[in-house]
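K.L.:
Quick one, fold the following:
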Amino acid sequence: MTTPRTTLWPLESHSRAKHLVLRSYLNGWFPILGSWNGRILFIDGFAGPGKYAGGEDGSPLIALKALREHKAKGLIKGEVVFVFIESDPERAEHLRGLIDSLRPSLPASCRIDVVHGRFDETMTDVLDSLDARANRLAPAFVMIDPFGVSGTPMSVLWRIFRNSKAEIYASFMYEAINRFKATPEFEEHLTALFGCDTWRDGIDIGDPTTRKNFFYGLYEQQLRGAGARYVVHFDLYEKNRLVYAIFFATKHSKGADLIKQAIWKIAPFGDFAFHGTHATQLTLGLETADYEPLKQALRGAFGGKGWVRIEKVAEFVFRQDGLPHGPAEEGCAGANGNGRRDRHRRNDATEETDVSGRYQASLQVA
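P.N.:
Numbering: from 1, shown residues only. Next up is the predicted model:
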């Protein structure tokens, strides 16, 4: 994915899919969080200019309009704070102009800040300030959508997840990772991205699918290590070329359920992949429903264990991302810095198997 050099640039089809999922998710997120919290945050770490060259809305305007046009916005009692971070001064100024024209139509509880700066530096300053006052980040949806792999260190994501109600919607730029993984000047960025240097173990993996599974699994493992209990990802293609993936991470099953509903509205057959074209219409490339990956995952987790409570199965499915992609073998050292490599904790919800006498809400996987 080439970094644009102009203030505005054309909207690509894979970005359209990402925005459709974002809008659908926010339609559920705003009333759920806004009804129970005095303040909620929407943070866009790579906000851009607010619109594309063709006049389409970018993520900042999509988020603001999702709040303005929500049928249940009257239920949102708390303050809704939007923080848009943009490193390019011309794009930041363009975004400010668009927001100024939109302000009169927004709810009175809405507060908007456009910050000219880098995501990693800005978030570090904010988190340092909160730590100094012994405060924590308000419930937050943090969107991280860079053009490459720099400026999105796992160390910042770890700090964001200290808040029990933080969620991350991050672009994982796999095409760039795969292309430049063996380039020396890329090493520092990849170590920061993953929060460790275990990514080096994937450099010499020859099989493309195995290599992709390794990097995806490692990134998911690090998000879980940061505190995310549920991690969901979907892939974004340009025709048949994988451009990048979106990883959504949260501590709550409601968030995982909500993001899957948002994805399924666009990809209803369980293939969490969007195949874009240069045409104006988004082509999903989904002709038939394929439930075999789900069947295999359920057999692997519960096969031979007899009757299992349906809540256990639901919990397991929540923890999956729809397509098994395997752990990164041994993973990185934990946050305690002891150097010990921790196993992937993907199936820890399935350890309890003794459910005798509780058949009223259970099933059996052969």
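
K.L.:
Show me what the top helix by length along the chain is packed against.
P.N.:
The longest helix of the chain (DSSP state H) is helix 13-34. Using 3 or more C-beta pairs under 8 Å, 6 or more residues apart in numbering; DSSP states H and E, the elements in contact with helix 13-34 are strand 39-44, helix 59-68, strand 140-144, strand 166-172, strand 230-238, strand 241-250, helix 253-266, strand 273-276. (Each C-beta comes from the backbone N, C-alpha and C, glycine too.)

K.L.:
in this protein, which ranges drop under the pLDDT threshold?
P.N.:
In the predicted model of the chain, residues 1, 266-293, 317-366 satisfy pLDDT under 70.

K.L.:
Could you count how many residues lie near Glu93?
P.N.:
Burial of Glu93, expressed as a neighbour count using other C-beta atoms under 10 Å, amounts to 14.

K.L.:
now the longest helix of the chain and helix 59-68, what's the angle there?
P.N.:
Compare the direction of helix 13-34 with that of helix 59-68 by axes from the mean of the first three to the mean of the last three C-alpha atoms, to 10 degrees and you get 40 degrees.

K.L.:
what angle separates helix 13-34 from helix 253-266?
P.N.:
If you take the same axes, to 10 degrees, helix 13-34 sits at 140 degrees to helix 253-266.

K.L.:
Can I get helix 13-34 as CSV, trimmed to CA atoms?
P.N.:
Output for helix 13-34, consisting of C-alpha atoms alone and laid out as CSV, is shown next (Å, rounded to 0.1, in the frame of the first residue of the first chain):
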residue,chain,number,x,y,z
SER,A,13,-12.0,-0.5,-2.4
HIS,A,14,-10.4,-2.4,0.5
SER,A,15,-10.6,0.8,2.5
ARG,A,16,-14.3,1.1,1.7
ALA,A,17,-14.8,-2.4,3.3
LYS,A,18,-12.9,-1.3,6.4
HIS,A,19,-15.1,1.8,6.7
LEU,A,20,-18.3,-0.2,6.3
VAL,A,21,-17.3,-2.4,9.2
LEU,A,22,-16.3,0.6,11.3
ARG,A,23,-19.6,2.4,10.8
SER,A,24,-21.6,-0.7,11.6
TYR,A,25,-19.6,-1.3,14.8
LEU,A,26,-19.9,2.3,16.0
ASN,A,27,-23.7,2.1,15.6
GLY,A,28,-23.6,-0.5,18.4
TRP,A,29,-20.6,0.9,20.4
PHE,A,30,-21.9,4.5,21.0
PRO,A,31,-25.1,3.6,22.8
ILE,A,32,-23.6,0.6,24.8
LEU,A,33,-20.7,2.6,26.2
GLY,A,34,-22.3,6.0,26.2
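
K.L.:
List the buried residues for it?
P.N.:
If you call a residue buried by 16 or more other C-beta atoms under 10 Å, then helix 13-34 has these buried ones: 13-34.

K.L.:
residues in contact with stretch 106-117?
P.N.:
Defining contact as C-beta atoms under 8 Å, 6 or more residues apart in numbering, one finds that stretch 106-117 is touched by 47, 64, 67-68, 73, 76-87, 89, 92, 95-96, 99, 103, 122.

K.L.:
which of those are buried?
P.N.:
In the contacts of stretch 106-117, burial by neighbour count holds for 47, 64, 67, 73, 76, 78-87, 92, 95-96, 99, 122, counting by 16+ other C-beta under 10 Å.

K.L.:
Could you pick out which of those residues are located in strands?
P.N.:
Secondary structure assignment (DSSP state E) places Glu79, Val80, Val81, Phe82, Val83, Phe84, Ile85, Glu86 from those within strands.

K.L.:
so the fifth one touches Asp44, yeah?
P.N.:
Meaning Val83. Yes. Using C-beta atoms under 8 Å as the test, Val83 is close enough to Asp44 to be in contact (7.2 Å).

K.L.:
JSON lines for the helices and strands packed on helix 13-34, including distance to Gly117?
P.N.:
What follows is the helices and strands packed on helix 13-34, written out as JSON lines (distance: least, C-beta to C-beta, whole Å):
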{"stretch": "strand 39-44", "distance to Gly117": "12"}
{"stretch": "helix 59-68", "distance to Gly117": "15"}
{"stretch": "strand 140-144", "distance to Gly117": "14"}
{"stretch": "strand 166-172", "distance to Gly117": "18"}
{"stretch": "strand 230-238", "distance to Gly117": "27"}
{"stretch": "strand 241-250", "distance to Gly117": "23"}
{"stretch": "helix 253-266", "distance to Gly117": "27"}
{"stretch": "strand 273-276", "distance to Gly117": "31"}
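
K.L.:
what sits up against stretch 16-23?
P.N.:
56-59, 62-63, 66, 143, 145, 169, 171, 234, 236, 246, 259, 262-263, 265-266, 274, 276, 282.

K.L.:
mind checking the backbone torsions on the nearest residue to Leu11 once chain neighbours are set aside?
P.N.:
Counting by C-beta to C-beta, 6 or more residues apart in numbering, the nearest residue to Leu11 once its immediate chain neighbours are dropped is Tyr52, at 4.0 Å. Per-residue torsions, Tyr52: phi -100, psi 170 (degrees, to the nearest 10).

K.L.:
Run a quick check on Tyr52 versus Gly58, I expect a contact.
P.N.:
Yes. The pair Tyr52 and Gly58 passes the contact test of C-beta under 8 Å, sitting 6.4 Å apart.
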